[in-house]
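Colleague: Here you go, sequence then predicted model.
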Amino acid sequence: MKYSYSYIEEQTENILIENNFFIKGFNVNNLVKSLGVQLVEKELNDDVSGLFIMSGDNAIISYNKNEIKERQRFTIAHELGHFFLHSKQKPIFVDKKPKVMFRNSASSSGELHQEREANAFAASLLMPKRLIQEEISSLASNDFDIIKTLAKNFKVSEQAMSFRLSNLGYEIGLY
């Protein structure tokens, strides 16, 4: 099943509101745990940022402990996207019985449709459209480094914020 970006936006906002995490820079680890998903920090290969395993009713998200905090947050949110969007579908990667979905260099380029959806889910979860709009309207008019300011406030990388703003239709540098 393919999901529209508007559906993903709506779902992530509902998840955040229903679980009392609709604030910028929220603790994504606490959200994952409150949803009953096990979160495991691991030393993974350099080309693997995280993985999602669904075995029966047990959901586990593992993330690479050697990556920077902003990358870890995005990876965790990305894997949570697989949990909400894809855990009942055919897996991307299979290791016998359990479903295993990896976040690696191929997924960050958006080559696979499910990976693009999980990236959109992560971006929408960590940088909700409504909160971005509110933050932009409240920024000082003399703040010339809006991307850096927004990235810091939402605890994401500047690259993630740039992509998010572009996907929301903002023209970078012309706020």
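Modeller: In hand now; what should we look at?
Colleague: Just name the shakiest helix or strand of this protein by mean pLDDT.
Modeller: Within the chain, confidence by mean pLDDT, DSSP states H and E is lowest for strand 93-94 among all helices and strands, at a mean of 30.
Colleague: pull the longest helix from the chain.
Modeller: Ranked by number of residues, the top helix in the chain under DSSP state H is helix 69-86.
Colleague: any idea of the mean pLDDT in it?
Modeller: Across helix 69-86, pLDDT averages out at 94.
Colleague: buried ones in it?
Modeller: Using 16 or more other CB atoms under 10 Å as the test for burial, helix 69-86 gives 70-86. Heads up, the C-betas are built off the backbone N, CA and C, glycines and all.
Colleague: now stretch 130-137
Modeller: For stretch 130-137, by 16+ other CB under 10 Å, it's 131, 132, 135, 136.
Colleague: where does this structure have low pLDDT?
Modeller: By pLDDT under 70, the low-scoring segments of the chain are 89-111, 140-144, 172-175.
Colleague: That one: strands as residue ranges?
Modeller: 38-42, 48-55, 58-64, 93-94, 99-104 (DSSP state E).
Colleague: Now mean neighbour count and distance to residue 23 too, for the ones you listed, in CSV please.
Modeller: Putting these into CSV (neighbours: other CB atoms under 10 Å; distance: least, CB to CB, whole Å) gives the following:
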stretch, mean neighbour count, distance to residue 23
strand 38-42, 14, 20
strand 48-55, 22, 23
strand 58-64, 20, 21
strand 93-94, 12, 33
strand 99-104, 22, 25
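Colleague: Nearest to residue 157, out of those?
Modeller: Proximity to residue 157, assessed across the strands of the chain by CB to CB, is greatest for strand 48-55 (12.4 Å).
Colleague: Identify the neighbouring strands of that closest one in the sheet and state each direction.
Modeller: strand 58-64 (antiparallel), strand 99-104 (antiparallel) (DSSP bridges).
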